[in-house]
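Asker: model this:
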Amino acid sequence: MGSIHLVNPQLEEPPALHERAMDNLKYIRETMERATAFTAISGWGQVAIGVSALAASFISAQQKTFKGWVMVWVAEALIALLIAGWSMDRKARAVKMPLFSGPGRKVVFSLSPPIFAGCILTLVLYRAHLTNAIPGLWLLLYGTGVVTGGMFSVSAVPIMGLCFMALGGAAFLAPAEFANWLMAAGFGGLHIVFGVIIARRYGG
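Answerer: Prediction:
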């Protein structure tokens with residue numbers, strides 16, 4: 001009688017331990033980055049920026065020259081930058097989170113190029129005496145930066161950016177006398193409305 005040979009079934013080798021560990025670390029890192037994004041923007045800071053923008057729109061409307069109008073809004077941009085930086089730092093400290101975390105850096109790097117392009121194009125349009133296009137340019141490029149940067153933040157932020165872009169398109173088509181109203185609606189109204197939404201839904 002012939003001998004009987006037992007055949008063991010081929011078992012698939014389990015994945016290497018270090019591969020599973022790397023996958024777990026990647027998942028944890030991505031989860032932490034998504035969680036960080038929810039606290040990257042201060043809603044009440046956005047409200048404060050909107051209020052200062054409404055004040056700037058009132059002051060700029062009193063200016064006799066376009067140069068004076070531009071200088072008011074440039075000053076407002078600097079004030080808004082200070083408010084944004086202070087409010088975000090305050091919120092980051094409250095939740096004991098580094099301000100320039102992964103998502104924080106991505107927001108800054110995504111927002112910066114459209115803003116830089118806006119500065120260059122503002123000079124070009126001013127020297128070419130095409131000043132009527134500047135308000136639309138500001139709204140459109142700021143909205144573009146908010147959309148791209150907002151992809152690493154809460155969902156309300158890119159929606160706000162799209163609204164800015166829509167106002168920018170409207171500013172290109174509207175008569176020049178409506179420019180200041182559209183600037184107030186964008187940098188003032190949208191910041192206030194979405195700031196309240198962010199503050200109420202995402203903890204301040």
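Asker: For the protein, which segments count as helices?
Answerer: Secondary structure of the chain (DSSP state H): helices located at 17-37, 43-61, 66-94, 102-127, 134-150, 156-173, 179-183, 191-201.
Asker: Contacts only, for residue 149.
Answerer: 106-108, 110-111, 157, 161 (C-beta atoms under 8 Å, 6 or more residues apart in numbering). Glycine gets a C-beta too; all of them are placed from N, C-alpha and C.
Asker: Turn these into a markdown table, columns for neighbour count.
Answerer: Below are these laid out as a markdown table (neighbours: other C-beta atoms under 10 Å):
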| residue | neighbour count |
| --- | --- |
| 106 | 18 |
| 107 | 25 |
| 108 | 14 |
| 110 | 19 |
| 111 | 19 |
| 157 | 23 |
| 161 | 24 |
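Asker: Need the per-residue pLDDT for residue 150.
Answerer: With respect to pLDDT, residue 150 has a value of 75.
Asker: Number of residues surrounding it?
Answerer: Per other C-beta atoms under 10 Å, the neighbour tally for residue 150 reads 24.
Asker: my guess is it meets residue 163, correct?
Answerer: No. When contacts are counted by C-beta atoms under 8 Å, residue 150 is not listed as touching residue 163 (11.4 Å).
Asker: Serialize the contacts of residue 149 to TSV and add fields for distance to residue 204 and pLDDT.
Answerer: Listed next are those as TSV, based on distance: C-beta to C-beta, whole Å; pLDDT from 0 to 100:
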residue	distance to residue 204	pLDDT
106	21	72
107	17	72
108	20	74
110	23	77
111	21	80
157	15	86
161	21	92
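Asker: Pipe those residues into CSV and attach distance to residue 133 per row.
Answerer: Listed next are these as CSV, based on distance: C-beta to C-beta, whole Å:
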residue, distance to residue 133
106, 30
107, 27
108, 27
110, 24
111, 22
157, 26
161, 20
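Asker: Let me know how buried residue 125 is, in neighbour terms.
Answerer: When neighbours are defined as other C-beta under 10 Å, residue 125 has 15 of them.
Asker: give me every residue that touches the residue nearest the centre of the chain.
Answerer: Nearest to the mean C-alpha position of the chain, by C-alpha atoms, centre = their mean, lies residue 146 at 3.4 Å. Taking C-beta under 8 Å, 6+ apart, we find residue 146 in contact with 111, 157-158, 160-161, 164.
Asker: how about low-confidence regions in the protein?
Answerer: 1-40, 92, 95-105 (pLDDT under 70).
Asker: about what we covered before: which of the contacts of residue 146 lies closest to residue 58?
Answerer: residue 164 (20.1 Å; C-beta to C-beta).
Asker: Good, wrapping up.
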